[in-house]
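# Sharing a sequence plus its predicted fold:
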Amino acid sequence: MDEKMLKKLLHEIQEEKVSVEEGVRLIRSSGYEDLGFARVDHLRPLRQGFPEVIYCPGKTIPQIVNIAKSLLARGDTLLATRAEEEVYRAVQREIPQAQYNSQARLVYVQKKLPEPFGGTVLVVTAGTSDLPPAEEAAVTAEVMGCRVDRLYDVGVAGIHRLLDSQDKLYEASVLIVVAGMEGALASVVGGLVNRPVIAVPTSVGYGASFDGLAALLAMLNSCASGVTVVNIDNGFGAGYAAALMVRLACEESR
């Protein structure tokens, strides 16, 4: 544990966010628990401000359940991404307080509600077909402690729907814009606001959209300043990045 992490841990003990006993254990430990098939990183909250997140594809259900139990044995928050309903049912049998968002395919637990940040993350979608990655972004940011607002189905094919909700755009601290097809919505929103815009291309569209590649390239080539882009359908990455931005802005304003 380096000096920065140690200072953060000591502050969290002082503020009673971490018990003295848990603090001693963390200082003495190697920082991870070896389950044989996985090494669960229990010091990640100190380094990054949020626990390790379980990416479910490629793992067996017993592996996911055991990792989840390990994380919650030493923490208050669990987030598992790309989880099918059978994964959720297995986790809930062992962890009854587990919740599931079927559209986002996220399993999550919050033993304690995180301290809310001052800003708001606004998740904007071009169409209803973009909702799965949009909800993945929204729920991720919520679990991380952000206030999240949603503005769905306001794509450029009916631009008046977006313009009718400009107040929401201007009030947000960070905007996540989720769009498939030609991905134009991110540039439009980026041209209207003076806030960071995180663009999420989706694999929604007809043949020439190439499963989201067309939207990805359009967003990467946006002429609107302040638009940054995550990978295709990566709602989790967008929600995580937005939460870090809002958290940092709030910490610096204190």
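Done, it's in. Numbering: from 1, shown residues only.
# quick one: buried residues of stretch 102-122?
104-109, 114, 117, 119-122 (16 or more other C-beta atoms under 10 Å). C-beta here means a position set from N, CA and C on the backbone, and glycine is covered the same way.
# What count of nearby residues applies to Thr203?
Small correction: residue 203 is Ser, not Thr. Ser203 has 18 neighbours, counted by other C-beta atoms under 10 Å.
# Provide a list of residues in contact with it.
180, 209, 211-212, 232-233 (C-beta atoms under 8 Å, 6 or more residues apart in numbering).
# Check Val174 too.
119, 121-122, 195-198, 242, 245-246.
# mind running it again at 10 Å?
119-123, 141, 146, 193, 195-198, 238-239, 241-246, 249 (C-beta atoms under 10 Å, 6 or more residues apart in numbering).
# so what's the backbone phi/psi at it?
phi -140, psi 140 (degrees, to the nearest 10).
# Strands of the stretch 51-200 of the chain, residue ranges please.
Using DSSP state E, counting those that start in this stretch, the strands of the stretch 51-200 of the chain run over 54-55, 77-81, 99-101, 106-110, 120-125, 147-151, 174-179, 197-201.
# pLDDT added to the buried residues of stretch 102-122, as a markdown table?
Compiled in a markdown table, the buried residues of stretch 102-122 are given as follows (pLDDT from 0 to 100):
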| residue | pLDDT |
| --- | --- |
| Ala104 | 95 |
| Arg105 | 95 |
| Leu106 | 96 |
| Val107 | 96 |
| Tyr108 | 94 |
| Val109 | 93 |
| Pro114 | 71 |
| Phe117 | 72 |
| Gly119 | 84 |
| Thr120 | 91 |
| Val121 | 95 |
| Leu122 | 97 |
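# Any stretches of the protein with poor pLDDT?
1-8, 24-30, 251-254 (pLDDT under 70).
# so what secondary structure elements neighbour the longest helix seen in it?
Secondary structure assigned by DSSP state H gives helix 235-253 as the longest helix of the chain. Judged by 3 or more C-beta pairs under 10 Å, 6 or more residues apart in numbering; DSSP states H and E, helix 235-253 is in contact with strand 77-81, strand 106-110, strand 120-125, helix 131-143, strand 147-151, strand 174-179, strand 197-201, strand 227-229.
# Would you indicate which residues of it are buried?
Quick answer for helix 235-253 (16+ other C-beta under 10 Å): 235-247, 250.
# circling back to that earlier point, out of the helices and strands packed on helix 235-253, which gets nearest to Gln166?
Taking C-beta to C-beta, strand 147-151 is the member of those nearest to Gln166, at 10.2 Å.
# Given the closest one, what are its sheet partners and their directions?
strand 120-125 (parallel) (DSSP bridges).
# Hey, what's the angle from the strand it pairs with to strand 174-179? Just curious.
Taking axes from the mean of the first three to the mean of the last three C-alpha atoms, to 10 degrees, one finds strand 120-125 and strand 174-179 inclined to each other by 10 degrees.
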